[in-house]
Each structure stands twice: as structure tokens, then as C-alpha cells.
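Trainee: Show me how the following folds:
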Amino acid sequence: MREGVHITGAAGAGTSTLGARIAQRRGWAYAETDDALWLPTEPPYQQLRPAPERIPFLRARIPEGQPYVLSGAVLGWGEALTSEFRMVVFLDTPREVRLARLRLREAARFGAAVAPGGARRAEYLEFLAWAAAYDAGTEPGRSRARHEAWFSTLPCPLLRLEGTLPPDELVRRTEAALEKIFA
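Mentor: Predicted coordinates for the structure are as follows:
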């Protein structure tokens, strides 16, 4: 039987940072939904993996019988994993903070390609506009409304955390909740 913890939120909320830290502290397997969602391309994030291949892709990276942490979002393609989740953590991070984090992350990943005049500038601006629309729900994919609707169907506890808390405090609160579930 597979048992996991899903850490989710808007793009830039901090799910990858928290997820990797929790998995490392607990010695659990770790996966990110973006790795299942996107095929490896150069440059990255150009071609979606076919939907029927996504869950098998993730399961191949998580050893059977080992608890795991999955960061990102499964909305619209990975709901079949919900029955495996023992807890879902939602990082609620203000739009301005998320966008600032994304600007830094994308600049670090792609450098001059996302700067004005860069080869990926238009794609970068499109991505930021998509991420900014999370709360309004005007773009396809992740949105606050879609997350909230999904949360209401969960068969496991939901832990809501403010994404601006210091990373050590996010880890402490997540660990405290996990101790109650994985006792």
C-alpha cells in the first residue's frame, strides 16, 4: 500500500521547498508533480506528458511500501492519487510574495533568456500572468476555487499553513501534524 503526503498551493507558494525538507527529514521518497506533468525537453516545460502516463511515471519513482511526499498540484490529472494521501498540506501564500519568488526562480533558471529581449521572455511573462491569476481563477489549471473544491472531497486531514512563515516553522508545524497521523 502506498501512503503519501501531498503539499500543494499556487505556483511559487513554496511547496517544493517544504516537500523536499520534509522528505529529507523523514527519509521518505520525494517527487514533484511538474516532473510527471512535463516531458523532459530543452528548454524545459514545452510539452505536456500524456495524461495516462503521469501517474505511472510518479509511481515508478516512489518505491512500493515507502511513504512519500509529493509537491505541486494534481488538479485535473492526478486525483486518483488522493486515496493514497494521509494528509494534504496547503501553503497559502499571498500573490505578491509568490510572484516575487517566481521572478527570482525563473531568472536563476533561465538567466538572460527571460530578461527583456530574451528568447523566452514572452513565455516567462505568460507564465507570470498565469500564476498571478490563481486567486481569480481566470486561467486553466490551478486556482484557489479549484483547490478549495478539491479540498472538500479529501478523505484525509488538510493542514493549512501561511506560506510566508519561515521555512523552519513550516517544517515544525508540518512535522507536528505528521506525528499525529504517522504515529
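Trainee: Please name the nearest non-neighbouring residue to residue 133.
Mentor: Counting by C-beta to C-beta, 6 or more residues apart in numbering, residue 133 lies nearest to residue 139, which is 4.2 Å off, once chain neighbours are set aside. Placement of C-beta: from N, CA and C, glycine included.
Trainee: Just give me the residue right at the centre of this protein.
Mentor: Among the residues of the chain, the one closest to the centroid is residue 72, at 1.3 Å (C-alpha atoms, centre = their mean).
Trainee: picking up where we left off before, got the phi and psi for the residue nearest to residue 133?
Mentor: For residue 139, the backbone dihedrals (degrees, to the nearest 10) come out as phi -120, psi 160.
Trainee: now do residue 182
Mentor: For residue 182, the backbone dihedrals are phi -100, psi 40 (criterion: degrees, to the nearest 10).
Trainee: Number of residues surrounding it?
Mentor: Residue 182: 14 surrounding residues under other C-beta atoms under 10 Å.
Trainee: cool, residue 16 as well?
Mentor: 17.
Trainee: what do you get for residue 80?
Mentor: A count of nearby residues for residue 80, using other C-beta under 10 Å, gives 10.
Trainee: Identify the residues contacting the longest strand seen in the chain?
Mentor: In the chain, with assignment by DSSP state E, the single longest strand is strand 85-92. By C-beta atoms under 8 Å, 6 or more residues apart in numbering, the residues outside strand 85-92 that reach it are 3-9, 13-15, 18, 147, 151, 154-163, 170, 174, 177-178, 181-182.
Trainee: partners of that strand, with directions?
Mentor: strand 4-9 (parallel), strand 158-162 (parallel) (DSSP bridges).
Trainee: Need the residues that contact the longest one.
Mentor: Taking C-beta under 8 Å, 6+ apart as the criterion, the residues outside strand 4-9 that touch it are 15, 18-19, 22, 62, 67-74, 81, 84-93, 147, 163, 174, 178.
Trainee: Repeat that for stretch 119-137.
Mentor: Contact with stretch 119-137 is made by 10-12, 43, 95, 98-99, 102-103, 106, 110, 113-115, 118, 139, 141-146, as judged by C-beta under 8 Å, 6+ apart.
Trainee: Can I get the buried part of the contacts of strand 4-9 as one PyMOL selection?
Mentor: Buried members of the contacts of strand 4-9, identified by 16 or more other C-beta atoms under 10 Å, are gathered into one PyMOL selection as follows:
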select buried, resi 15+18+19+22+62+67+68+69+70+71+72+73+74+81+84+85+87+88+89+90+91+93+147+163+174+178
